[in-house]
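K.L.:
Dropping the sequence and predicted coords here.
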Amino acid sequence: MNEVIKCIKERRSIRSYTSEIPSDDVINTLLDAAAWAPSASNTQPWHFTVITDKELLEELDTRSKPPLLENIQSEKYRKMISDPNYKILHGAPCLIMVSSNTAQYFGHHDCGCAVQNICLAAHSIGLGTCIIGFLNHLLLRPEGADLLKRLDLPGGYMPCVGITVGYPDDKEPENVGRSYQKFNFIK
């Protein structure tokens, strides 16, 4: 099987990490992969904030729960987030916050391509990742303004999504397969 296709099919969301922080060289490899993502008219509307500060990661984790519980309708997620032992960032030693230039119409879509590149590159070198959308329930509200300021984003950028990054501390989750009933062809 082609190595790219194999990587796509084998990559899983990792929700349990060792405490080892990936080296700057390793993180730069992921950011380089992100920078090569396609974007509308090659606008490259992304900004990446790498967070390894343990206190800031813990604060993001802890403070994200209350606004989430206010807004989440899914009983499954409410139960999960209400658990005092649940960690939104899964104990990852590194978070890459991906932000988009708000002036770019397709900015969020383009950032999604960069996120996928990060996740696939990480998997290919033995790292685990998990895409975290829950953080925006805090960062984009008044009670998260101080944390948003600490991300030190350039003017005109807003967070899209976070990616936890680290070395998996146990076996990767099993492949649950995919549904092929969501495709149609028009010939």
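P.N.:
Good, I have the coordinates.
K.L.:
Quick one: residues contacting Arg11.
P.N.:
Going by Cβ atoms under 8 Å, 6 or more residues apart in numbering, Arg11 touches Cys119, Leu120, His123, Thr129. In this view, the C-beta of every residue, glycine as well, is placed from N, C-alpha and C.
K.L.:
again, only using 7 Å
P.N.:
Shown in contact with Arg11 (Cβ atoms under 7 Å, 6 or more residues apart in numbering): Cys119, Leu120, His123.
K.L.:
Now render the residues you listed as CSV, adding pLDDT and distance to Lys54.
P.N.:
Shown next, in CSV, are those (pLDDT from 0 to 100; distance: Cβ to Cβ, whole Å):
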residue, pLDDT, distance to Lys54
Cys119, 98, 23
Leu120, 98, 27
His123, 97, 24
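K.L.:
Among these, which one has the most neighbours?
P.N.:
When neighbours are counted by other Cβ atoms under 10 Å, Cys119 leads those with 26 neighbours.
K.L.:
Name the nearest residue to the most centrally placed residue in the chain, sequence neighbours excluded.
P.N.:
Centrality entry for the chain: nearest residue to the mean C-alpha point is Ile163, 2.2 Å, by Cα atoms, centre = their mean. Of all residues not flanking Ile163 in the chain, Ile96 sits nearest, at 4.6 Å (Cβ to Cβ, 6 or more residues apart in numbering).
K.L.:
Extract the CA atoms of stretch 138-147 and return them as PDB.
P.N.:
The C-alpha trace of stretch 138-147 is given here as PDB (Å, rounded to 0.1, in the frame of the first residue of the first chain):
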ATOM      1  CA  LEU A 138     -13.600  29.600  26.300                       C
ATOM      2  CA  LEU A 139     -11.200  31.500  24.100                       C
ATOM      3  CA  LEU A 140     -13.900  33.300  22.000                       C
ATOM      4  CA  ARG A 141     -15.900  34.400  25.100                       C
ATOM      5  CA  PRO A 142     -15.300  37.400  27.400                       C
ATOM      6  CA  GLU A 143     -14.200  35.100  30.300                       C
ATOM      7  CA  GLY A 144     -11.400  33.700  28.100                       C
ATOM      8  CA  ALA A 145     -10.100  37.000  26.800                       C
ATOM      9  CA  ASP A 146      -7.100  36.900  29.100                       C
ATOM     10  CA  LEU A 147      -6.100  33.500  27.800                       C
END
